[in-house]
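A.B. asks: here's my sequence, what's the structure:
(one chain, ligands or ions: 2)
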Amino acid sequence: MASFTLQGIPVSRGIAIGRAHLLRPAALDVKHYLVAQELVEAEVLRLQNAIAQVHVELQAIWADLPQDAPTELGAFLDVHALILSDPMVSEAPLDIIRTRHYNAEWALVTQVDELSAQFDEIEDDYLRERKADIQQVAERVLKVLTGSSSQVPSSDGIDERTANMVVVARDISPADMMQFRDVAFTGFVTDEGGQNSHTAIVSRSLGIPAVVGMGNASQLIEQDDWLIIDSDAGVVIVAPPTMVLEQYRERQAQLLKQRKKLSKLKKTPAVTQDGVEITLLANIELPGDATPALEAGASGVGLFRSEFLFMERSGEQHQLPSEEEQFDAYRKAVLGMKGRPVTIRTLDVGADKPLEAAEHNILNPALGLRAIRYCLAEPQLFLTQLRAILRASAFGPVKILIPMMAHGFEIEQTLQLIAQAKKELTAEKKEFDVGIPVGAMIEIPAAALALPMFVKKLDFLSIGTNDLIQYTLAIDRADHEVAHLYDDLHPAILQLLQIIVSTAEKAGVPLSICGGMAGDLRLTRLLVGMGFRELSMPAALLPEIKQAILNTRFDTLQPYVKKILRSYDSAVIQETLSNMEALGKTLH
Ligand code: PEP
Ligand code: MG
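C.D. replies: Ligands and ions are numbered 1, 2, ... in the order given. Model prediction:
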């Protein structure tokens with residue numbers, strides 16, 4: 001068979017090599033027939049029984065979740081159970097059987113197709129992706145109806161093939177992922193999905209190489225084809241020639257060795273060879289991410305993106321999380337970090353992170369009522385969150401981080417609301433850290449240029465480079481058509497970073513970077529050389545960054561940094577950066 005390569009969206013790290021195990025959607029081959037009038041109620045019962053059986057299956061998966069299962073898996077199972085109980089799924093198909101006399105499978109597929117079409121109309125990417133959850137639930141019911149046993153191979157007698165199995169599917173539900181975890185599967189490839197899809201989130205948590213959004217890979221790949229997943233590049237090589245296979249095996253072995261070596265650095269402080277100490281922190285999305293962050297050697301959480309607690313909500317949970325629910329989540333993260341600081345960013349919704357419960361600004365969401373602007377427009381919602389964060393601060397060191405600040409009055413109003421939340425809690429005799437540090441994200445160029453306004457009133461600052469680049473270069477960070485213009489080495493960005501670091505240093509205000517630049521290995525020496533001392537990144541990237549710091553001498557960086565900051569020529573900046581990189585290699 002001829003080899004070919006497919007490109008998709010990378011959502012995880014590493015290389016997987018194995019044979020394809022195809023998951024065919026049950027919906028594709030359902031039988032279509034009409035049921036005689038006297039058999040209609042029996043057919044209704046058949047569908048009801050199948051739905052009931054899937055409820056039992058989901059509960060069984062819940063009960064079998066290992067202790068260390070990512071918390072979001074439980075949440076996904078809840079979402080699937082909610083969908084299954086929704087009358088749109090559990091009752092509407094029964095009506096179709098009764099009125100149109102369709103057989104149970106046909107009725108279910110008809111209803112799900114109708115729901116899917118409604119979802120397709122939704123403009124919002126995130127909500128549109130929830131269509132996949134409905135389809136995954138329907139797949140389960142269809143499997144029960146058609147009597148096709150679970151497609152997950154049994155873990156008995158794992159042979160060479162199952163031990164190196166790459167799952168290929170149109171889409172994979174998180175519940176199925178959990179079952180696959182028990183069998184030794186090595187990676188997965190799906191036609192659907194994006195950075196935000198549930199399977200992508202779970203694959204990152206489980207650390208499994210994966211590529212999603214591949215279009216029609218599940219039709220092009222055949223059962224038992226050899227596959228290579230290069231998860232970092234988002235590439236899948238089908239039926240690779242022996243030589244390519246050997247090269248990837250070699251790379252895979254090297255990566256494994258490297259990862260093992262790096263894990264030994266967990267307790268080593270990140271200090272340059274001439275004694276400059278860098279604090280490495282983790283970015284987390286859910287409280288359950290605290291444990292992997294600790295395991296990766298993080299000295300704390302530099303960014304807890306609290307808005308993830310407010311998204312992922314449907315059905316009865318549609319309303320926003322209560323103070324108690326938020327308090328539980330924040331406390332869990334604080335306890336999980338065992339005494340290390342946890343920086344909780346207040347609700348950063350809007351733009352590419354819309355809130356289901358809120359009206360969206362459809363004119364220009366990235367410039368609209370997002371983040372702190374939204375919170376100040378909804379003071380009750382903001383107060384609820386501030387109270388929950390304050391209460392969690394009784395259980396360990398917590399900092400409050402405010403996103404998207406640009407105006408002096410936003411700082412004033414925020415500090416007033418924090419003072420009010422403290423007053424209320426004191427009156428209610430609830431404990432909290434009275435001296436809780438409050439900081440601002442610097443992610444709007446105006447904030448960077450007017451930094452003295454911030455350093456006077458706040459305890460710390462954190463640069464959100466993702467948005468700082470978006471707003472400085474006028475590039476929508478979610479739009480793939482302008483992705484090639486998104487340049488973190490643009491002289492304007494470097495100048496802004498330089499202004500921020502020197503102003504904060506003069507004022508003696510602690511400063512960190514929590515945007516993507518902090519976790520980019522290419523930039524570590526530049527940032528350290530510029531004077532940054534705190535970097536916050538996804539936990540999985542932390543060991544590599546630490547190693548780069550250990551291989552750096554701060555005093556050798558200065559000539560390179562000066563040259564980069566003086567240059568307005570992209571080629572010179574790139575070349576100087578490469579020379580800086582080479583400098584690290586000589587220190588190995
Ligand atoms: C940023 O903008 O760099 C940042 C860290 O926040 P987010 O990516 O959540 O917008
Ligand atoms: Mg941001």
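
A.B. asks: how about the strand or helix carrying Q385 as PDB, C-alpha atoms only?
C.D. replies: Using DSSP states H and E, Q385 falls within helix 379-392. Taking C-alpha atoms only, helix 379-392 is exported to PDB below (Å, rounded to 0.1, in the frame of the first residue of the first chain):
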ATOM      1  CA  PRO A 379     -21.200  43.400  39.800                       C
ATOM      2  CA  GLN A 380     -23.400  40.800  41.500                       C
ATOM      3  CA  LEU A 381     -21.800  38.000  39.500                       C
ATOM      4  CA  PHE A 382     -18.300  39.500  40.100                       C
ATOM      5  CA  LEU A 383     -18.900  39.800  43.900                       C
ATOM      6  CA  THR A 384     -20.000  36.100  44.000                       C
ATOM      7  CA  GLN A 385     -16.700  35.100  42.500                       C
ATOM      8  CA  LEU A 386     -14.600  37.400  44.600                       C
ATOM      9  CA  ARG A 387     -16.300  36.100  47.800                       C
ATOM     10  CA  ALA A 388     -15.600  32.500  46.700                       C
ATOM     11  CA  ILE A 389     -11.900  33.300  45.900                       C
ATOM     12  CA  LEU A 390     -11.500  35.100  49.200                       C
ATOM     13  CA  ARG A 391     -13.000  32.200  51.200                       C
ATOM     14  CA  ALA A 392     -10.600  29.800  49.400                       C
END
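
A.B. asks: so for that helix, what gets flagged as buried?
C.D. replies: Along helix 379-392, these residues count as buried under the neighbour rule (16 or more other C-beta atoms under 10 Å): 381-392. In this view, the C-beta of every residue, glycine as well, is placed from N, C-alpha and C.

A.B. asks: mind checking how far E114 is from Q48?
C.D. replies: Distance of E114 to Q48, given as C-beta to C-beta, to the nearest Å: 20 Å.

A.B. asks: looking at these two, which one has more neighbours?
C.D. replies: Q48 (15 against 12; other C-beta atoms under 10 Å).

A.B. asks: isn't the more buried one right up against I97?
C.D. replies: No: between Q48 and I97 there is no contact under C-beta atoms under 8 Å: 10.1 Å.

A.B. asks: low-scoring stretches of the stretch 151-300 of the chain, by residue?
C.D. replies: 151-163, 173-184, 193-207 (pLDDT under 70).

A.B. asks: show me the helices in it, by range?
C.D. replies: Assigned by DSSP state H, counting those that start in this stretch, the helices in the stretch 151-300 of the chain fall at 160-163, 174-182, 198-206, 217-220, 242-263, 290-295.

A.B. asks: also the stretch 301-450 of the chain?
C.D. replies: 307-310, 323-336, 372-377, 379-392, 408-427, 445-449.

A.B. asks: do the same with the stretch 1-150 of the chain
C.D. replies: Using DSSP H, counting those that start in this stretch, helices in the stretch 1-150 of the chain cover 40-64, 71-85, 87-90, 92-100, 104-120, 125-129, 131-146.

A.B. asks: up against ligand 1, what does the protein have?
C.D. replies: For the chain, the contact set with ligand 1 under C-beta under 6 Å from any ligand atom comprises 303, 305, 348, 443, 464-467, 514-515.

A.B. asks: out of these, which touch ligand 2?
C.D. replies: When C-beta under 5 Å from the ion is applied, the members of the residues of the chain next to ligand 1 adjacent to ligand 2 are 443, 464, 467.

A.B. asks: sorry, back to before: what's the closest of the helices of the stretch 1-150 of the chain to E428?
C.D. replies: helix 71-85 (28.9 Å; C-beta to C-beta).

A.B. asks: so how far is the closest one off the chain centroid?
C.D. replies: 18 Å (C-alpha atoms, centre = their mean, to the nearest Å).

A.B. asks: can you check stretch 439-455 too?
C.D. replies: With C-alpha atoms, centre = their mean, you get 26 Å for stretch 439-455.

A.B. asks: measure it end to end?
C.D. replies: Across stretch 439-455, the terminal residues are separated by 9 Å (C-alpha to C-alpha, to the nearest Å).

A.B. asks: same deal with stretch 421-441?
C.D. replies: 21 Å.

A.B. asks: show residues contacting that stretch.
C.D. replies: Stretch 421-441 is contacted by residues 343, 345, 383, 386-387, 389-391, 393-394, 397-405, 411, 414-415, 418, 447, 454, 458-464, 467, 514 when judged by C-beta atoms under 8 Å, 6 or more residues apart in numbering.

A.B. asks: in ChimeraX, how would I select the buried members of these?
C.D. replies: Here is the ChimeraX command that selects the buried residues among these (16+ other C-beta under 10 Å):
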select :343,345,383,386,387,389,390,391,393,397,398,399,400,401,402,403,404,405,411,414,418,447,454,458,460,461,462,463,464,467,514
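
A.B. asks: ok, now which ones touch S231?
C.D. replies: By C-beta under 8 Å, 6+ apart, the residues touching S231 are 10-16, 187, 209-211.

A.B. asks: if we use 6 Å, what do you get?
C.D. replies: Contacts of S231 were listed using C-beta atoms under 6 Å, 6 or more residues apart in numbering, and they are 10, 12-14, 209.

A.B. asks: mind putting those in TSV, neighbour count and distance to ligand 2 included?
C.D. replies: Conversion of these to TSV gives the following (neighbours: other C-beta atoms under 10 Å; distance: C-beta to the ion, whole Å):
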residue	neighbour count	distance to ligand 2
P10	20	21
S12	24	22
R13	18	23
G14	20	27
P209	25	28
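
A.B. asks: and the two most separated of these?
C.D. replies: P10 and G14 (10.3 Å).

A.B. asks: domain parsing for the chain?
C.D. replies: Domains of the chain are assigned by automatic domain parsing as 4-24+151-260, 37-146, 277-555.

A.B. asks: from the contact counts, what lies against the helix holding Q385?
C.D. replies: helix 323-336, helix 408-427 (3 or more C-beta pairs under 6 Å, 6 or more residues apart in numbering; DSSP states H and E).
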